[in-house]
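> Please work out how this folds:
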Amino acid sequence: MPVVSVFVRLKLSLLRNGLRQSARRRAAYIASVTLVLVFAALQLVGLIALRGNAHAASVAVLLLAVLALGWAVMPLFFPSGDETLDPTRLVMLPLRPRPLVRALLVASLVGIGPLFTLCVLVGSVIAVAYGAAAYAVAVVAVPLGLLVCVALARAVAAVNIRLLTSRKGRDLAVLSGLVIAVGAQMVNFGAQRLGSAGLGELDPAAEVLGWVPPASVIGAVDAVSEGSYGVGVARLALSGLALAGLLSLWSRHLTRLMTSPDGSTLQAATAGSRDRTRSAGLGRFLPAGRTGTIMERSLRYVWRDPKTKAAWVTSLAIGLIVPVFNALQGTGSIYFACFAAGMLGVLMYNQFGQDTSAFWMVAMTISSPRDAFVELRGRALALLVITLPYATFVTVLTTAMLGDWPALPEVLGLSFALLGAMLATGAWSSARFPYSIPQEGYKNVAPGQAGLAWISIFGGMIAAALLCVPVIALTIWLNATADGDDWSWLLLPLGAAYGAGVALLGLRLAAPRTAARLPEILSAVSKG
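Predicted coordinates:
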């Protein structure tokens, strides 16, 4: 046990020293802890209030299953949130895997996450336990469920530690915002379904998850409460076997990590050769000359730069989620499909910020407004390679879900017009309001440049909406007239032509300003 106490003190020391780094970090930690504690208390009170409800067990089982999923994915998206998650830091210590696993497991119980999980477990067993036998099982179920969650996080971290410490792992961490956004949409959709259909909708899923660890510990308490002692023991045993399996997996990977050489360099070299091969293959489909080179460079940013990749994936996902989820709920409109074009059009803003200080190499190739126009045109075309087919796909999918096929041409026309307007305003904003994107951390704007980012994005979006007024007015007029449906198909070619014209005009107007402000742009994007 001396090793266990050493690791617990190490965990506390890491936490204390981290808070000593800055007052801002202490304030953020205190605020987050307070928020989590308040939410945990509300969860505990809510679960206790469910006691006596016919569907209390279903809610408790599903809640613990979702919480366990969070424990499983947390190391993938927040590998630096707990420095003890990386066992390779301990490779020089003379420790065998078994005592190391035991010490790390106990140290993992120190923190706000285990406390929140404990509150959920306690509230769940109070909601479903009836009788002395059920409470006796709960005494075993609560610590067992907590240990399974912690061991799951540790095993996932040990299995994927090489990934998490590589460039791809940092890419994955940056995408955590997307997971939160998608998760919020899923929770919103589920809450609306439950609000209309009732908690009974959860029963089929809870019946299945009641046999899946660690949710099976709540299923065990519920089964014993109903007098099914054999089922309760079986479910409890499943969680015990899951804990043993996770500890065994964790121990094996710890041994491998402590005794095998680091092959990440070879893996990175192999990945780099694959990237070069893929890029060479893509280059064959792009235009020749400078335009194709600019497009290839921009597309390579999308594939390799973590912040750019995160922005693209988030825009693609949210642009699909909003119209599709609204259509699934039966409250959507086909015009929500334009949201995809809007989300993707935002990516044209601050084009030079993704270059950071390397923008000087781009600036060296621009000696006239014509060079600036070619640069902006190449970046816009690279964006269109992805956004045009994707916006079309989202629009067609939303139309199919709503069954409003006659409105498809006008919505496509609106989407193309909006996309063209955002390309135009994005090119101008990139030249007039550039800002730096920090390469480290989760911030997308360098300190002191938040105002520039707000003006660039929201000012550009308002300007793009104003540029689309002619197409919007024509759409409204055709829908208001008696025979407008016969002519609504014209909005597709008109919207596409209008979007292309506005985009071309915007690029030509932005080119002289870009060529004249190269030093200012370089200074602005080099602050991160």
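> Next up, the contacts around residue 409.
Neighbour list for residue 409: 488-492 [criterion: C-beta atoms under 8 Å, 6 or more residues apart in numbering]. Backbone N, C-alpha and C define where each C-beta goes, glycine included.
> Nearest spatial neighbour of it, chain-adjacent residues omitted?
residue 492 (4.0 Å; C-beta to C-beta, 6 or more residues apart in numbering).
> Distance of the one you found relative to residue 470?
With distances taken as C-beta to C-beta, to the nearest Å, residue 492 is found 15 Å from residue 470.
> more neighbours, those two?
residue 492 (18 against 14; other C-beta atoms under 10 Å).
> Okay, the more buried one and residue 417: tell me how far apart.
Between residue 492 and residue 417 the distance is 10 Å, computed by C-beta to C-beta.
> Break the chain into its domains for me.
2-188+197-262, 287-525 (automatic domain parsing).
> And residue 489, its phi and psi?
phi -60, psi -20 (degrees, to the nearest 10).
> Just give the nearest non-adjacent residue to it, would you?
Leaving aside its chain neighbours, residue 489 sits nearest to residue 409 (4.4 Å; criterion: C-beta to C-beta, 6+ apart).
> hmm, back to that, and the domains of the chain, which is most packed in?
By mean neighbour count, with neighbours taken as mean count of other C-beta atoms under 10 Å, domain 287-525 ranks first of the domains of the chain at a mean of 19.
> How far away from the center of its chain is that one?
Centroid displacement of domain 287-525 relative to its chain, using C-alpha atoms, centre = their mean, to the nearest Å, is 21 Å.
> Pull up the distance across that domain, start to finish.
Using C-alpha to C-alpha, to the nearest Å, one end of domain 287-525 lies 28 Å from the other.
> coming back round to it: got the domains of the chain as TSV, with mean pLDDT columns?
TSV is the format used below for these (pLDDT from 0 to 100):
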stretch	mean pLDDT
domain 2-188+197-262	80
domain 287-525	87
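> follow-up on the earlier one: for the residue nearest to residue 489, identify the helix or strand it belongs to.
Assessed by DSSP states H and E, residue 409 sits inside helix 408-432.
> what about the longest helix in this protein?
Secondary structure of the chain per DSSP state H: the longest helix is helix 369-402.
> Just want the angle from that one to helix 408-432.
Here helix 369-402 runs at an angle of 150 degrees relative to helix 408-432 (axes from the mean of the first three to the mean of the last three C-alpha atoms, to 10 degrees).
> Mind giving me the packing neighbours of helix 369-402?
Contacts defined by 3 or more C-beta pairs under 8 Å, 6 or more residues apart in numbering; DSSP states H and E place helix 369-402 against helix 290-304, helix 306-328, helix 338-345, helix 408-432, helix 491-516.
> Redo these as CSV? Include distance to residue 15.
Listed next are the helices and strands packed on helix 369-402 as CSV, based on distance: least, C-beta to C-beta, whole Å:
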stretch, distance to residue 15
helix 290-304, 34
helix 306-328, 27
helix 338-345, 38
helix 408-432, 42
helix 491-516, 48
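> Just tell me which of those helices ends up closest to residue 106.
helix 306-328 (34.2 Å; C-beta to C-beta).
> if we can go back for a sec, which one of the helices and strands packed on helix 369-402 lies closest to residue 100?
helix 306-328 (31.6 Å).
> what about dumping the CA coordinates of that closest one to PDB?
Provided in PDB are the C-alpha atoms of helix 306-328 (Å, rounded to 0.1, in the frame of the first residue of the first chain):
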ATOM      1  CA  PRO A 306      -5.600  20.300 -36.600                       C
ATOM      2  CA  LYS A 307      -7.500  23.600 -36.300                       C
ATOM      3  CA  THR A 308      -8.500  23.700 -39.900                       C
ATOM      4  CA  LYS A 309      -9.600  20.100 -39.800                       C
ATOM      5  CA  ALA A 310     -11.700  20.800 -36.700                       C
ATOM      6  CA  ALA A 311     -13.400  23.700 -38.300                       C
ATOM      7  CA  TRP A 312     -14.300  21.700 -41.400                       C
ATOM      8  CA  VAL A 313     -15.500  18.700 -39.600                       C
ATOM      9  CA  THR A 314     -17.600  20.800 -37.200                       C
ATOM     10  CA  SER A 315     -19.100  22.800 -40.100                       C
ATOM     11  CA  LEU A 316     -19.900  19.700 -42.100                       C
ATOM     12  CA  ALA A 317     -21.500  17.900 -39.100                       C
ATOM     13  CA  ILE A 318     -23.600  20.800 -37.800                       C
ATOM     14  CA  GLY A 319     -24.600  21.800 -41.300                       C
ATOM     15  CA  LEU A 320     -26.100  18.300 -41.600                       C
ATOM     16  CA  ILE A 321     -27.400  17.900 -38.100                       C
ATOM     17  CA  VAL A 322     -29.600  21.000 -37.900                       C
ATOM     18  CA  PRO A 323     -31.800  20.400 -41.000                       C
ATOM     19  CA  VAL A 324     -31.900  16.600 -40.600                       C
ATOM     20  CA  PHE A 325     -32.800  16.700 -36.900                       C
ATOM     21  CA  ASN A 326     -35.400  19.300 -37.400                       C
ATOM     22  CA  ALA A 327     -36.900  17.100 -40.200                       C
ATOM     23  CA  LEU A 328     -36.800  14.100 -37.900                       C
END
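> now for that helix, which elements pack on it?
For helix 306-328, the helices and strands in contact under the criterion 3+ C-beta pairs under 8 Å, 6+ apart are helix 167-174, helix 176-197, helix 290-304, helix 338-345, helix 369-402.
> angle of the longest one against helix 491-516?
The reference is to helix 369-402. On the basis of the same axes, to 10 degrees, helix 369-402 is oriented at 150 degrees to helix 491-516.
> what's the answer for the fourth one, then?
Helix 338-345 runs at 20 degrees relative to helix 491-516, counting by the same axes, to 10 degrees.
> what packs against helix 338-345?
Going by 3+ C-beta pairs under 8 Å, 6+ apart, helix 338-345 lies up against helix 306-328, helix 369-402, helix 408-432.
> all helices of the stretch 101-250 of the chain, in order?
Assigned helices in the stretch 101-250 of the chain, in chain order: 112-128, 132-159, 161-164, 167-174, 176-197, 203-209, 216-225, 229-259 (criterion: DSSP state H, counting those that start in this stretch).
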